[in-house]
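**Q** no FASTA, just this:
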């Protein structure tokens, strides 16, 4: 089958003058912030809208086919982009598949037909309010846990950097036990915090872009030739001024 329909836009949409950098810039003598927005898609074109107002439709440019390619179809470039005057709210994108008489889509080609291909949105969130835990991978004896800093509506806050305390407990037993927290992370390549917890039941890691990671090792016993967990476990995450 073909590729799964996809459109992805970034960066986040939680900008303030104090944090405006990178893909965000401020015009000299003005309080306006300008954000360069990129869209990747498996479609032919993307229309970007901010709070319901179109920011224009862009067509993925194409490159000539490489002489070494087995295909005669032109190659679409990776992304399109806009410079958007920032306003908090909803930033949405709709990707389209387009058909032209020339077979090559561009902003100069007459469009014979246009079909909605995929859509997505990002939005300005509220302040950090709580922590949501979920499992990204469960391998039986090793579990990868995702910690998200969320606002009161449950939306992940993409600029949050709260310090998170992870605590591991084997339910129904006290004292030493096998298993526990064996690793921590947040995806920040410039972070110098320890990747190891204080001990198997307690670790501290700050969030990066609203996310942090805890890696658990849990005790297993063999039953019927297969490893099974020896008992239930609890992982809690807390942070000052946030709901667990």
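**A** Structure's in. What do you need? Treat the numbers as computed from the prediction; the structure is a model and nothing was measured. Residues are numbered from 1 along each chain as shown.

**Q** make it CA atoms for all contacts and neighbour counts henceforth
**A** Noted.

**Q** ok, and the closest non-adjacent residue to residue 114?
**A** The shortest distance from residue 114 to any non-neighbouring residue, by Cα to Cα, 6 or more residues apart in numbering, is to residue 98 (4.6 Å).

**Q** from what I can see that neighbour touches residue 58, true?
**A** No. In this structure, residue 98 is not within contact of residue 58 by Cα atoms under 8 Å, at 11.9 Å.

**Q** quick check: next helix or strand after the host helix or strand of the residue nearest to residue 114?
**A** Element membership for residue 98 (DSSP states H and E) is strand 90-100. Using DSSP H and E, the next helix or strand after strand 90-100 towards the C-terminus is strand 111-123.

**Q** residues making contact with that following strand?
**A** The contact list for strand 111-123 (Cα atoms under 8 Å, 6 or more residues apart in numbering) reads 5-9, 12-14, 43, 88-101, 105.

**Q** out of these, which end up buried?
**A** The neighbour-count criterion (16 or more other Cα atoms under 10 Å) marks 7-9, 12-14, 43, 91-99, 105 among those as buried.

**Q** now the angle from whichever helix or strand residue 40 is part of to strand 111-123?
**A** Per DSSP H and E, residue 40 falls inside strand 33-41. With axes from the mean of the first three to the mean of the last three Cα atoms, to 10 degrees as the basis, strand 33-41 and strand 111-123 are set at 120 degrees to each other.

**Q** strand 33-41 - contacts with which helices or strands?
**A** strand 7-10, strand 24-26, strand 79-85 (3 or more Cα pairs under 8 Å, 6 or more residues apart in numbering; DSSP states H and E).

**Q** can you list the strands that the first one pairs with?
**A** If you go by DSSP bridges, strand 7-10 pairs up with strand 33-41 (antiparallel).

**Q** so after the strand it pairs with, what's the next helix or strand?
**A** Next element after strand 33-41 (DSSP H and E): strand 45-50.

**Q** where does this protein have low pLDDT?
**A** Residues of the chain that meet the criterion pLDDT under 70 lie in 1-2, 64-76, 100-112, 172-178, 221-223, 225-231, 244.

**Q** would you give the sheet partners of the strand holding residue 98, along with the direction of each?
**A** For strand 90-100, the paired strands and their directions (DSSP bridges) are strand 45-50 (antiparallel), strand 111-123 (antiparallel).

**Q** any residues in contact with both of residue 98 and residue 58?
**A** The contact sets of residue 98 and residue 58 overlap at residue 45 (Cα under 8 Å, 6+ apart).
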